[in-house]
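got a predicted structure here, sequence first:
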Amino acid sequence: MSRKKVTIHTQEDIAKAREAARLAADVLHMIAPYVQAGITTEELDRICHDYIVDVQQAIPANVGYCGFTKTICASVNHVICHGIPSSGKVLKNGDIVNIDVAVIKDGWHGDTSRMYFVGPPSTLARRLVYTTYEAMRAGIMQVRPGATLGDIGHAIQTVAHREGFSVVREYCGHGIGKVYHDEPQVLHYGSPGQGMKLEPGMMFTIEPMINAGKRHTKQLADGWTVITKDHSLSAQWEHMVVVTEGGYEVLTQWPEHMPEYPTIP
């Protein structure tokens, strides 16, 4: 991969992206109280859409993107990613769900996702969700000038494999800014010291997808929904980060304190 493909953003660029990222994180904060048994993923989508358009005065980035028709991806239980909101998908107690949202504000993209529990989760589901968060956090903490993409991937897979979980390989993090999905591709597995070296001004997402069973995936006939081939549970977290002179900044910081999840320093 040529380094020339990767945009190095200015401080002015980063300030604009920071605002879009803040809005995306705010959507996931807003929707949290609605993620309860009995609601459909279609209704969650409608609430998020109206909030982005009417309250935030922003644009839902997913609507119309490569033919996708919804505002959020809602991926429940064994759905890894790109779950299409549906009036037929009713959340029930014990479900885990990832909501992934992206907004455009003044031409800049913000992109983030978070896991939610619908009622009390199983022991396995809780361990998977917390481990996936820990893996994302470990990957983010590798970000600094001179580090490599392989350092990030290795940190993530080390945490996942420690718990006997597997890392999805077909989908990865990505550069972001004025372009929704840009270079570099940020794999969630790798070897220390391998891959592209990071430089201040690079901006990308880190969004590991971790399966409780095997890593293999299957795309459904709708052309979007990706599930675990063995129907094991899957979890994902996503933050948008920028490489700074001294390390990193998480642009999609949560608006609220969530003490059950360790902070990212």
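Arrived safely.

now Leu28: closest residue in space, sequence neighbours ignored.
Arg114 (4.7 Å; CB to CB, 6 or more residues apart in numbering). Placement of C-beta: from N, CA and C, glycine included.

that neighbour - how many residues pack around it?
26 (other CB atoms under 10 Å).

what's around Ala15, how many residues?
For Ala15, the neighbour count with other CB under 10 Å is 11.

pull out the buried positions in the longest helix belonging to the chain.
The longest helix of the chain (DSSP state H) is helix 11-31. Neighbour-count burial for helix 11-31 flags 13-14, 16-28, 30-31 (criterion: 16 or more other CB atoms under 10 Å).

pull the following helix or strand past it out as PDB, backbone CA atoms only.
Under the assignment DSSP states H and E, the closest C-terminal helix or strand after helix 11-31 is helix 41-50. Extracted C-alpha coordinates of helix 41-50, given in PDB (Å, rounded to 0.1, in the frame of the first residue of the first chain):
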ATOM      1  CA  THR A  41     -34.700  -2.400  14.900                       C
ATOM      2  CA  GLU A  42     -36.700  -0.400  12.300                       C
ATOM      3  CA  GLU A  43     -38.000   1.900  15.100                       C
ATOM      4  CA  LEU A  44     -34.500   2.400  16.400                       C
ATOM      5  CA  ASP A  45     -33.400   3.400  12.900                       C
ATOM      6  CA  ARG A  46     -36.300   5.900  12.600                       C
ATOM      7  CA  ILE A  47     -35.400   7.500  15.900                       C
ATOM      8  CA  CYS A  48     -31.700   7.800  15.000                       C
ATOM      9  CA  HIS A  49     -32.600   9.200  11.500                       C
ATOM     10  CA  ASP A  50     -34.900  11.900  12.900                       C
END
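
now the helices for the chain?
If you assign secondary structure with DSSP H, the helices in the chain sit at 11-31, 41-50, 123-140, 149-162.

mind putting those helices into CSV with distance to Cys66?
As requested, the helices of the chain are exported to CSV (distance: least, CB to CB, whole Å):
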stretch, distance to Cys66
helix 11-31, 19
helix 41-50, 17
helix 123-140, 25
helix 149-162, 24
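
out of these, the one nearest Gln57 is which?
With CB to CB as the criterion, Gln57 lies closest to helix 11-31 of these, at 9.3 Å.

now for the closest one, which elements pack on it?
Packed against helix 11-31, as judged by 3 or more CB pairs under 8 Å, 6 or more residues apart in numbering; DSSP states H and E, are the following elements: helix 41-50, strand 96-105, strand 108-117, strand 203-206, strand 239-243.

list of residues touching it?
Contacts with helix 11-31, where a contact means CB atoms under 8 Å, 6 or more residues apart in numbering, come from 9, 44, 47-48, 51-52, 56, 58, 99, 101-114, 176-177, 201, 203, 240, 242, 249, 251-256.
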